[in-house]
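*Asks:* Generate a structure from the sequence data that follows.
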Amino acid sequence: MPEFVQIIRERPQLMRIVKKYIKDIDRDCNGYVTNQELDDIFKVVFPSQLGDKDLLRLFRNFASIQNTILIDYKKLYTFLESALATTV
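*Replies:* This is a model prediction of the structure:
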């Protein structure tokens with residue numbers, strides 16, 4: 001997880017692109033995307049840093065209780081905002 005946060009920290013402006021992709025996928029605005037969709041998005045936006053990483057395990061922390069395939073991306077955003085604000 002720290003390595004993931006560090007990658008985001010190095011290029012935080014790319015999170016706008018991540019959010020745009022998520023918004024395009026979550027057309028009904030239910031707050032969830034699948035773990036595979038989220039994995040694909042991060043690997044497209046951060047190809048050299050995350051292209052060969054297994055992100056599905058990382059996203060488990062943000063999974064829906066009812067359906068673990070669905071990831072609550074708002075929880076992920078909140079985590080990243082907090083982690084980026086607190087780490088040096």
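
*Asks:* per-residue pLDDT, Leu50?
*Replies:* Leu50 is assigned a pLDDT of 90 by the prediction.

*Asks:* can you pull the contacts of it?
*Replies:* When contacts are counted by CB atoms under 8 Å, 6 or more residues apart in numbering, Leu50 touches 4, 7, 42-43. Just so you know, the C-beta spots here come from the backbone N, C-alpha and C atoms, and that holds for glycine as well.

*Asks:* rerun at 7 Å
*Replies:* Shown in contact with Leu50 (CB atoms under 7 Å, 6 or more residues apart in numbering): 7, 42-43.

*Asks:* And Ile8, by the same measure?
*Replies:* Taking CB under 7 Å, 6+ apart as the test, what Ile8 contacts is 15, 80, 84.

*Asks:* Buried ones only from those, please, as a ChimeraX command.
*Replies:* A single ChimeraX command selects the buried members of those (16 or more other CB atoms under 10 Å):
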select :80
